[in-house]
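Undergrad: Just need the structure, nothing else, for what follows:
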Amino acid sequence: MKIKNDVCSITISVDETYTFNSADKKNYDIVYNPDNYENGDYFKALKIHIDTFAKEQTILLIGDYYYDDTNSAILEGDILTVLHNEDITQLRVKDGSIIQRVHIPTLGTNFAIYKVSAKYVIHGEIDIICLDDKFNKLWSFSGRDIWCSCTDKNPFEICSDRIKLYDFYDNYYELDFEGNLLIEKTADQME
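TA: Below is the predicted model:
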């Protein structure tokens, strides 16, 4: 995943070869392992390369194995917000320091995080979750099945005034940003 603004350019990838107590630690300026994972644990190591146009640094963030780097981070000014399944970590890009780390307990895996106005919306496997700017849960919504489509429909789409969803059985839903269900149609009704 690559994101950029006028403060910096960031590339996030998974380091699939990382092991603890290995010489490869020297490739990172900072290594964060907040949950104290060890070799043999089921973890994923995120390589976060930050270029502030004046200096470059590479940070390793170790966390839950269930992670998708497609839409897992948001860059706002000099703050990088990273979703690592149930954990959200905010880093200050200028020095790589952790601003805050929040655990959001959910059922299933969380796939992506988006910023909508002053809120964060998380696309999870089972829940769509909305958080305020301090990561307090405002609401969550679950459908009849998991949020993915077996017919190649986009299971999650943020529009200007709503969120459009398809579940595994192609049932369709629309929510507003307050978590209210606007439309629900079964797959049969969509034909």
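
Undergrad: Restrict the worst-scoring helix or strand of the chain on mean pLDDT to CA atoms and write it as PDB.
TA: Lowest by mean pLDDT, DSSP states H and E among the helices and strands of the chain is helix 187-190, with a mean of 85. Extracted C-alpha coordinates of helix 187-190, given in PDB (Å, rounded to 0.1, in the frame of the first residue of the first chain):
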ATOM      1  CA  ALA A 187     -30.800 -11.500  -3.300                       C
ATOM      2  CA  ASP A 188     -34.200 -12.600  -4.700                       C
ATOM      3  CA  GLN A 189     -35.400  -9.000  -4.600                       C
ATOM      4  CA  MET A 190     -32.400  -7.800  -6.400                       C
END
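
Undergrad: just how off-centre is it within its chain?
TA: The chain centroid and the centroid of helix 187-190 are separated by 31 Å under CA atoms, centre = their mean, to the nearest Å.

Undergrad: what about residue 1, distance to residue 13?
TA: In this view, residue 1 and residue 13 are 8 Å apart by CB to CB, to the nearest Å. No exception for glycine: its C-beta is placed from N, CA and C like everyone else's.

Undergrad: Pull up the overlap in contacts between these two.
TA: Taking CB atoms under 8 Å, 6 or more residues apart in numbering as the criterion, residue 1 and residue 13 both touch residue 69.

Undergrad: Check which helices and strands the least confident helix or strand of the chain sits against.
TA: The helices and strands touching helix 187-190, judged by 3 or more CB pairs under 8 Å, 6 or more residues apart in numbering; DSSP states H and E, number zero.

Undergrad: Show me what counts as buried in it.
TA: Within helix 187-190, no residue counts as buried by 16 or more other CB atoms under 10 Å.

Undergrad: For stretch 50-67, measure first residue to last.
TA: 20 Å (CA to CA, to the nearest Å).

Undergrad: Buried residues in that stretch, which are they?
TA: By 16+ other CB under 10 Å, the buried positions in stretch 50-67 come out as 50, 57, 58, 59, 60, 61, 62, 63, 64, 67.

Undergrad: what's the farthest-apart pair in the residues you listed?
TA: Pairwise distances across the buried residues of stretch 50-67 (CB to CB) peak at 23.3 Å, for the pair 57 and 64.

Undergrad: Quick check: residue 143 touching residue 175?
TA: No: applying CB atoms under 8 Å, one finds residue 143 not in contact with residue 175, separated by 10.0 Å.

Undergrad: Brilliant, that's me finished.
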